[in-house]
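Undergrad: with the sequence up front, the predicted model follows.
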Amino acid sequence: MIENAKELLATLKEKSSPLATETLNRMRKKTRSLCGYVRSVTDRMTVKERLLVLFAVGVVIGFGVKAVSNGTLTIGYQDYALKGKSQAYDLNEIQRKVIEKNASVAAGAADPTAVPEGGSCQ
């Protein structure tokens, strides 16, 4: 059984290897032709034209990022417009609990979150 599987894998490898090599060569050729085209276009451009193209690409990418993140990212002044998340913390509730805990500890009551001293059961 194992020998049959090894033979099958060997034949698959032999048959797929030329196809994979051919596909890889085709992809390399396309990449070279694309890189050559870009290089030929940029070689004919002046420095000002290159900077203008870079600026235009930056503006397009900036608008795209802003459009995609418009509903999720804010810069302070739009915080009120965000929907509340279920994982948000209620700071007033936390402050109230801390004040109650400190008041009970100051009054002499035992702190319920304190670590007990002494021996432990095992």
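TA: Arrived safely, thanks for sending.

Undergrad: check which element follows the lowest-mean-pLDDT helix or strand in the chain along the chain.
TA: Sorting the helices and strands of the chain by mean pLDDT, DSSP states H and E puts helix 2-43 at the bottom, at a mean of 75. Counting by DSSP states H and E, the element after helix 2-43 in chain order, helix or strand, is helix 47-68.

Undergrad: and that following helix, what does it pack against?
TA: Applying 3 or more C-beta pairs under 8 Å, 6 or more residues apart in numbering; DSSP states H and E, we find helix 47-68 packed against no helix or strand. Every C-beta, even on glycine, is put in place using the N, C-alpha and C of the backbone.

Undergrad: just give me how far it sits from the chain centre.
TA: Relative to its parent chain, helix 47-68 has a centroid offset of 23 Å by C-alpha atoms, centre = their mean, to the nearest Å.

Undergrad: go on, stretch 23-35?
TA: 30 Å.
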